[in-house]
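Build the 3D model from these lines:
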Amino acid sequence: MKVRFIVTLVGSATGFALSAFADEAPTASSPIRDATRVDSQGPTGHQAIKNHHSKQSRKRNPRPKTPDQASLKSAPSLSSVSEEKPDSPTSDESSGGNNAANSPTEPRLTFQYWNYYAPSLHEQSGGAENAVGRILIPFQVDGIQQILHIDPPVVTDPNSISGPRTGLGDIQLYNFSLTKFDLGQSHTLTVGIGPLLALPTATSINFGPDSLQGGAAGVIQAGLSWGIAGVLWSYQHTMSGVGSDLTTVQPILYYNFQHGWYFRSDAIMKFNTYSHTNVVPVGFGFGKVFHLPGGYLLNAYVEAQPSVFRSGQGAPNFQIETGVQIQFPTSVTSGWKF
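Sure, this is the predicted structure:
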């Protein structure tokens, strides 16, 4: 009896332990159960349990990649390469330097020199040669852009009978107060006007009226993606002494090409009651802008200017304009504000 009782007791305890272990087993294996997928379309028609232990083991120990696979994965995609590649200069950017070099309203300290050679004159034998220098000084007054022009000319008078034939003319001083309008699509319209003063600096009456002259000057300029179009004008009249007038109209057209080259036309119409000459030329020429280190711009050009209308003895039938100018970086005058 004692032996049977002990066997029964041991068997009950063993059964209880096994049942307790069986209850705990699903809990321990629950993550795997969650990871398993039930396939109701198994080949036997019964639910088939697919074990994913093999997939997990492959994830833990991935197969080594070949060098080609590694390079393909590490190499950036074609789209990312195209996004990271810097853009080539646009037409607007490439033409920006030409527009800056040719614009009479560009706020840069600029030194210009022109030479006009006229091999043929109206009702006059021989030729003539004139030279004009110009300094453009930009500054601001109460936030309004100003550009002061200083023009000291060297004049040749082909009609002079006595005295020097070539000498310094009257120095012109005029200032543009500028207003710029944004027209969209990289297009701008700049309008400027200001007073003009001509100082009696001529070394002979052959080159000027020897009198102080006053007047006005103005500009209308469209800055476009392909170049510049506009017109400059000036008017001056003697303030004392013998009365005389000088009116100038200068249409400007610059069309940009690649590599700094451009087409130009900026011949000046002149109507001069002092010398009794009038001339209306048209210009056809080319120039090139050079970008120098430090932000400097060098501009050199040549332009043929036949006269479609001229009157008065000594007016040019045809002339050739050659010129050169250098512009300083904007940083040189950026602090000139009053």
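
now the helices for the protein?
2-28, 30-35, 53-60, 67-74, 78-84, 91-102 (DSSP state H).

so how many other residues sit close to the nearest residue to Arg108 once chain neighbours are set aside?
Spatial nearest neighbour of Arg108, chain neighbours left out: Gln327 (4.4 Å); criterion: Cβ to Cβ, 6 or more residues apart in numbering. All C-beta spots, glycine's among them, are computed from the backbone N, C-alpha and C. Per other Cβ atoms under 10 Å, the neighbour tally for Gln327 reads 24.

burial measure for the closest residue to His291 other than its chain neighbours, as a count.
Nearest non-adjacent residue to His291, counting by Cβ to Cβ, 6+ apart: Gly97, 5.9 Å away. Gly97 has 17 neighbours, counted by other Cβ under 10 Å.

I'd like the numbering to begin with 25 instead of 1 from here.
From this message on, residue numbering opens at 25, which makes the last subject Gly121.

residues contacting Gly121?
284, 313, 315, 321 (Cβ atoms under 8 Å, 6 or more residues apart in numbering).

and what of Leu133?
Shown in contact with Leu133 (Cβ under 8 Å, 6+ apart): 160-162, 351-352, 356-357.

which of those residues count as buried?
160-162, 351-352, 357 (16 or more other Cβ atoms under 10 Å).

Give me the domain ranges for this protein.
Domain assignment for the chain by automatic domain parsing gives 26-83, 116-356.

thinking again about what came up before, tell me which of the buried ones among the contacts of Leu133 fall in strands.
Counting by DSSP state E, the members of these that fall within strands are 160-162, 351.

Just flag the most distant two among those.
Spanning the widest gap among these are Ile161 and Gln351, at 12.1 Å by Cβ to Cβ.

OK, contacts around Gln237?
Contact analysis of Gln237 by Cβ under 8 Å, 6+ apart lists 194, 221-222, 224, 260-263, 268, 270.

what's the closest residue to it other than its chain neighbours in contact with, if anything?
Excluding the flanking residues, the one nearest Gln237 by Cβ to Cβ, 6+ apart is Ala222, at 3.7 Å. Counting by Cβ under 8 Å, 6+ apart, Ala222 touches 194-197, 232, 236-239, 260.

Could I get the pLDDT score of Ala222?
Looking at Ala222, its pLDDT reads 93.
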